[in-house]
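S.K.: structural data only, the sequence is not supplied:
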């Protein structure tokens, strides 16, 4: 009777042991799979962070370049404006000098005609 009872209990313990051993193996395998997935996700997040940092650095450099180019353009426009004003002033001076030259030539012709008479 004891052998039957303990034999049956021993069989149940062996069955439970096999079940829990298999469950432990399954759990360990599942845990390794989860670790692998977590590592892959972590790597992807790190890559995305690096790409975002690189994009931010490029954007900052582009903004800096645009600011420099804007300042250079403003200087060129100022210089162009000054040159245009100087050109207009010179055109006015040339016209005035041409008028004076014409008047002087006309007066010289008059004086020569009177001298000849």
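M.R.: Cool, the structure landed. From a predicted model like this one, the values you see are computed outputs, not experimental measurements.
S.K.: show me where this protein has helices.
M.R.: For the chain, the helices defined by DSSP state H cover 2-116.
S.K.: give me the residue at the spatial middle of this protein.
M.R.: Geometric centre of the chain, nearest residue: residue 59, 2.1 Å, by C-alpha atoms, centre = their mean.
S.K.: give me the pLDDT for that one.
M.R.: Note for residue 59: predicted pLDDT of 98.
S.K.: now swap in residue 2 and tell me
M.R.: With respect to pLDDT, residue 2 has a value of 57.
S.K.: same deal with residue 10?
M.R.: Reported pLDDT at residue 10 in the predicted model: 80.
S.K.: and for residue 39?
M.R.: Predicted confidence (pLDDT) for residue 39: 98.
S.K.: and residue 24, how many neighbours?
M.R.: 10 (other C-beta atoms under 10 Å). Bear in mind the C-beta positions are built from the backbone N, C-alpha and C, glycine included.
S.K.: mind checking how far the residue nearest to the centre of the chain is from residue 50?
M.R.: Distance of residue 59 to residue 50, given as C-beta to C-beta, to the nearest Å: 15 Å.
S.K.: and for residue 22?
M.R.: Residue 22 is 42 Å from residue 50, by C-beta to C-beta.
S.K.: again, but for residue 61
M.R.: Distance of residue 61 to residue 50, computed by C-beta to C-beta: 16 Å.
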